[in-house]
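Engineer: okay, here's the prediction I keep looking at, along with the sequence it came from:
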Amino acid sequence: NAGVTQTPKFRILKIGQSMTLQCTQDMNHNYMYWYRQDPGMGLKLIYYSVGAGITDKGEVPNGYNVSRSTTEDFPLRLELAAPSQTSVYFCASRGVGTDTQYFGPGTRLTVL
Amino acid sequence: AQSVAQPEDQVNVAEGNPLTVKCTYSVSGNPYLFWYVQYPNRGLQFLLKYITGDNLVKGSYGFEAEFNKSQTSFHLKKPSALVSDSALYFCAVRDAGINKFYFGSGTKLNVKP
């Protein structure tokens, strides 16, 4: 099993550009999460999903969108990139009846 | 509202000495508590969790944590630190019945030879 995979690993965007961060898990987990990690701030939840077709906002959803058309994939969309979105983004998943989250390796995004 | 506080940005300890990384939490209902570790340029890895039962929980790599309901704390401990334990440690909480997790700001553990 590959676990949770994220692409790309690194990306530099210009202000106003858009992009999609990809996240895929092969563990058949129902729950998936997107977090951003800023220095000294820990992880903040952006969006989460409890299953295909169901998503909900976390603590910091502004400027982001998500979709969950399959159990495996949970892409995160940035429509109009801003410098405040410079961060490291982590995707995580967990199975029904468990509380352990499995994290991907992260995407380091810089907006200039 | 749910929240987690890690009061120390950094903890320094000598190899072989015991270590403690502090965490306090606030939830409306029953807390599910977690510790994760992050090595440089990596994702977070699960260490241990408290859901119910014995207040002392044991996890990976010799780590343990003690749940204290009256003090709303869940401190991470290890009897004898290793240099390889040096990393960033995160405490997290989930309110039972809610699917969101809340993380603390992280504590950098430095173990010196």
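Structural biologist: On my side now, so go ahead.
Engineer: and A:C91, how many neighbours?
Structural biologist: A:C91 has 28 neighbours, counted by other CB atoms under 10 Å in any protein chain shown. (C-beta placed from N, C-alpha, C; glycine too.)
Engineer: gap between the host helix or strand of it and the chain center?
Structural biologist: In the assignment (DSSP states H and E), A:C91 maps to strand A:87-94. Relative to its parent chain, strand A:87-94 has a centroid offset of 5 Å by CA atoms, centre = their mean, to the nearest Å.
Engineer: list the strands paired with that strand, with their directions.
Structural biologist: Strand A:87-94 has the following strand partners under DSSP bridges: strand A:31-38 (antiparallel), strand A:102-103 (antiparallel), strand A:107-111 (antiparallel).
Engineer: report how many residues lie close to A:L45.
Structural biologist: 21.
Engineer: can I get the strands paired with strand A:87-94 in JSON lines with mean neighbour count and distance to B:N55?
Structural biologist: As requested, the strands paired with strand A:87-94 are exported to JSON lines (neighbours: other CB atoms under 10 Å in any protein chain shown; distance: least, CB to CB, whole Å):
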{"stretch": "strand A:31-38", "mean neighbour count": "23", "distance to B:N55": "27"}
{"stretch": "strand A:102-103", "mean neighbour count": "21", "distance to B:N55": "26"}
{"stretch": "strand A:107-111", "mean neighbour count": "18", "distance to B:N55": "38"}
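Engineer: of all those strands, which lies closest to A:Q22?
Structural biologist: strand A:107-111 (8.5 Å; CB to CB).
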